[in-house]
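**Q** next come a sequence and a model predicted from it.
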Amino acid sequence: MTIAEQKSDQKPGGSPRRRFAPVKVTVNGVEIPASAIAREAQNHPSGDPDIAWNQAVRALAIRELLRQEAERLDIVAEPLTDEDGRRETAEEAAQRVLLERELVLPVPDEESYRRYYRQNEARFRSPALYEAAHILFAADSRDTAAYAGAVEKARAAIAELKAAPDRFSEIAKALSDCPSGAVGGSLGQIGTGDTTPAFEAALIRLEPGETTAEPVETPYGAHVIRLDRRIDGRTVPFEAVRGKIADYLAESVWRRAAAQYVSILAGRASITGVDLGASATPLVQ
């Protein structure tokens, strides 16, 4: 726990604030001021102020723990400048060298990369594409009567298309409220996330050449959708993603080792106001 349970949901003006008053946070007798925590909380945006505060407390407590250990080991390091031009502080440099020196990092081998690739093949598959057309009967979903009317119009269009499927383009040009109506309702190629969830779900269920049997309702109105072609995704070759896998596994190994190291240091330290368990990962690398 990092906060005392002293509940207070709003400031006098009505704006939200942290629900709990902060407790004193110390690492081996060194106090982390509330003002420093408040500044650090800006780096941990969250809809819940308590979460941002707690994350800031953990980050600062871990940094203080590492600072003290680097000082104990008399580590002095030359600050580095990253690719964005930001230069480390002397403390950050010392903590970086401390972790480089103290962490034991097993190096993933080629078989580890290939095993991760096999076990997560779906992550390395390009998304499917859909060539589709639609007819939109626009209506505001908040206007119950207008929306119901749009749904009925879509149903009538579906009934007409069942009798004459080849009239889709003609009906789209005559009735669709979407600019795509000018080109017979064609939407070109659509990928995952390009449309609303309801539209996408209906599209995925269709077979090429099939039109929806019922209107598809979205916040924009009622749609009649036709799938013209599905282009299935392809699995990206291992060689094309090997570098990304290597980077990911190396970072995962580093984070686990760093969390274990911080847990060991915390177990030897006297800490109040925050619990630095095995899940605590240093915010430097």
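**A** Right, received. Where do you want to start? Just so you know, these numbers come straight off a predicted model, no measurement behind them.

**Q** drop to CA atoms for contacts and neighbour counts, all remaining ones
**A** Fine.

**Q** which residue ranges make up each domain of the chain?
**A** Following automatic domain parsing, one finds the domains of the chain at 1-125+243-285, 129-231.

**Q** worst average pLDDT in those domains?
**A** The minimum mean pLDDT among those belongs to domain 1-125+243-285 (a mean of 84).

**Q** most tightly packed of the domains of the chain?
**A** Ranked by average neighbour count under the criterion mean count of other CA atoms under 10 Å, the domains of the chain are headed by domain 129-231 at a mean of 18.

**Q** let me see the ranges of the helices in this protein.
**A** 34-41, 49-72, 90-102, 110-119, 144-163, 168-175, 197-205, 238-268 (DSSP state H).

**Q** quick one, the fifth one and helix 168-175 angle?
**A** So the one you mean is helix 144-163. Orientation check (axes from the mean of the first three to the mean of the last three CA atoms, to 10 degrees): helix 144-163 against helix 168-175 gives 150 degrees.

**Q** same question, the first one
**A** For the pair helix 34-41 and helix 168-175, the angle between their directions (the same axes, to 10 degrees) equals 120 degrees.

**Q** ok, and what's touching helix 34-41?
**A** The contact list for helix 34-41 (CA atoms under 8 Å, 6 or more residues apart in numbering) reads 22, 52-53, 55-57, 60.

**Q** and of those, the nearest to I190?
**A** Nearest to I190 among those: A52, at 37.8 Å, using CA to CA.

**Q** distance of the closest one from H44?
**A** Distance of A52 to H44, computed by CA to CA, to the nearest Å: 5 Å.

**Q** next: I190.
**A** I190 is 35 Å from H44, by CA to CA.

**Q** same question for D194.
**A** Here D194 is placed at a distance of 30 Å from H44 (CA to CA).

**Q** same question for P179.
**A** Distance from P179 to H44, by CA to CA: 42 Å.

**Q** who touches T196 in this structure?
**A** T196 makes contact with T218, according to CA under 8 Å, 6+ apart.

**Q** show the backbone phi and psi for it.
**A** Dihedral angles of T196 (phi, psi; degrees, to the nearest 10) stand at phi -70, psi 160.

**Q** most remote residue from this protein's center?
**A** Going by CA atoms, centre = their mean, the residue of the chain most distant from its centre is A163, 45.6 Å out.

**Q** does H134 touch I225 like I think?
**A** Yes: judged on CA atoms under 8 Å, H134 makes contact with I225 at a distance of 4.3 Å.

**Q** excluding residues flanking it in the chain, which one is nearest R125?
**A** Excluding the flanking residues, the one nearest R125 by CA to CA, 6 or more residues apart in numbering is T235, at 4.1 Å.

**Q** just checking, the one you found touches S126?
**A** Yes: using CA under 8 Å, T235 makes contact with S126 at a distance of 6.2 Å.

**Q** and P165, how far from V30?
**A** Relative to V30, and taking CA to CA, P165 is found at 77 Å.

**Q** could you do A138 as well?
**A** From A138 to V30 the distance is 63 Å (CA to CA).

**Q** residue contacts, the residue farthest from the centre of the chain?
**A** The contact partners of A163, by CA under 8 Å, 6+ apart, come to none.

**Q** wait, V104 sits on A257?
**A** Yes: the criterion here is CA under 8 Å, and V104 meets it with A257 at 6.9 Å.

**Q** so what sits against both of those two?
**A** Counting by CA under 8 Å, 6+ apart, V104 and A257 have no shared contacts at all.

**Q** residue contacts, N28?
**A** Residues in contact with N28, defined by CA under 8 Å, 6+ apart, are 269-271.
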